[in-house]
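# no sequence for this one, just the structure:
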């Protein structure tokens, strides 16, 4: 009689039990039955379901953690880890374009869009006269369909350039694409990255704890003849690692959220 327990026989008799459980749980994560940030069932429940020892279940969980699929939050439990992404710093693409190239689906929520007098450092980077205004657009980027926040981005465009951009179009098209369509394609960009701690407001939007580690990407994108087009500030959620592949012919940099 089938009592609903999974013993791993469907994966082959020679597969260790912990590996059979690993594969089954990994399948559930991949197909969304266990979505990002969801708690894993209690270990005792998994023992009963798979009809194995507690040690075998723990082996499977340890393997899933080692592969970045689960994370243990001390005093809380074991949870499905947020999806990972890598961002190639050597290309000239917007962040959303870079993620789409990796097959990651994003949903964009425009939180705010208005004409403002920018902070002094932004005005200087954009080459604005005193009192010059910008279109300031704040967007939240999350994974689809799990809606896990990845980054909070504020883009400042000189008023004349911002007037050519349809803010509603930013929900499903990249800013770089919209700039190109408006006759102002991006030709070059300068980017700096630094470690920061999330403010209370950033943490609230990104669903993290205030003071959590994050990376701040500051990028100035320029068009023909070096004309400043947009000053971007993007806060990326924590556990982001910058790696470098070095060779005699050059260096390839990327950063990854694990």
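Great, that's in hand. Model, not experiment: these values are computed from the prediction.

# switch to C-alpha atoms for all contacts and neighbour counts from now on
OK.

# What are the boundaries of the helices in the stretch 151-258 of the chain?
159-162, 175-181, 200-206 (DSSP state H, counting those that start in this stretch).

# Nearest to residue 114, out of those?
Of all the helices of the stretch 151-258 of the chain, it is helix 159-162 that lies closest to residue 114, at 9.8 Å by C-alpha to C-alpha.

# now that closest one: how far from the chain's centre is it?
The chain centroid and the centroid of helix 159-162 are separated by 28 Å, computed with C-alpha atoms, centre = their mean, to the nearest Å.

# Equivalent analysis for stretch 180-198, please.
For stretch 180-198, the distance from its own C-alpha centre to the chain's C-alpha centre is 16 Å (C-alpha atoms, centre = their mean).

# How about stretch 203-213?
With C-alpha atoms, centre = their mean as the basis, stretch 203-213 stands 14 Å off its chain's centre.

# ok, residues contacting it?
Contacts made with stretch 203-213 from outside it, assessed by C-alpha atoms under 8 Å, 6 or more residues apart in numbering, are listed as 140, 149-152, 195-202, 237-239.

# Out of these, which end up buried?
Buried positions within the contacts of stretch 203-213, assessed by neighbour count (16 or more other C-alpha atoms under 10 Å), are 140, 149-152, 197-198, 202, 237-238.

# nearest to residue 60, of the contacts of stretch 203-213?
Checking the contacts of stretch 203-213 against residue 60 by C-alpha to C-alpha gives residue 239 as the nearest, at 23.0 Å.

# Need the pLDDT of the closest one.
In the prediction, the pLDDT value recorded for residue 239 is 57.

# just to revisit the earlier point, just so I know, which of the helices of the stretch 151-258 of the chain lies nearest residue 36?
helix 200-206 (14.1 Å).

# Give the rounded mean pLDDT of the closest one.
93.

# And what about residue 41, helix, strand or coil?
The assignment at residue 41 comes out as coil when based on DSSP: H, G, I helix; E, B strand; the rest coil.

# phi, psi of it?
When read as degrees, to the nearest 10, the backbone of residue 41 gives phi -50, psi 150.

# hang on, residue 48 is in a strand, isn't it?
No: the assignment for residue 48, made by three-state DSSP, is helix rather than a strand.

# separation between it and residue 234?
Distance, residue 48 to residue 234, using C-alpha to C-alpha, to the nearest Å: 45 Å.

# now do residue 130
Relative to residue 234, residue 130 is positioned 25 Å away (C-alpha to C-alpha).

# Pick out whichever of these two has more residues nearby.
Between residue 130 and residue 234, counting by other C-alpha atoms under 10 Å, residue 234 is the more crowded of the two (21 against 11).

# What is the neighbour count of the nearest residue to the more buried one once chain neighbours are set aside?
The shortest distance from residue 234 to any residue other than its chain neighbours is 4.1 Å, reached at residue 153 (C-alpha to C-alpha, 6 or more residues apart in numbering). Applying the criterion other C-alpha under 10 Å, we find 20 residues in the vicinity of residue 153.

# hang on, residue 153 packs against residue 235?
Yes: with contact defined as C-alpha atoms under 8 Å, residue 153 and residue 235 form a contacting pair (6.3 Å).

# Give me the buried stretch members for stretch 136-155, please.
Using 16+ other C-alpha under 10 Å as the burial criterion, the residues of stretch 136-155 that qualify are 136-143, 146, 148-155.

# same question, stretch 47-57
Going through stretch 47-57 with 16+ other C-alpha under 10 Å, the ones that come out buried are 47, 50-52, 56-57.
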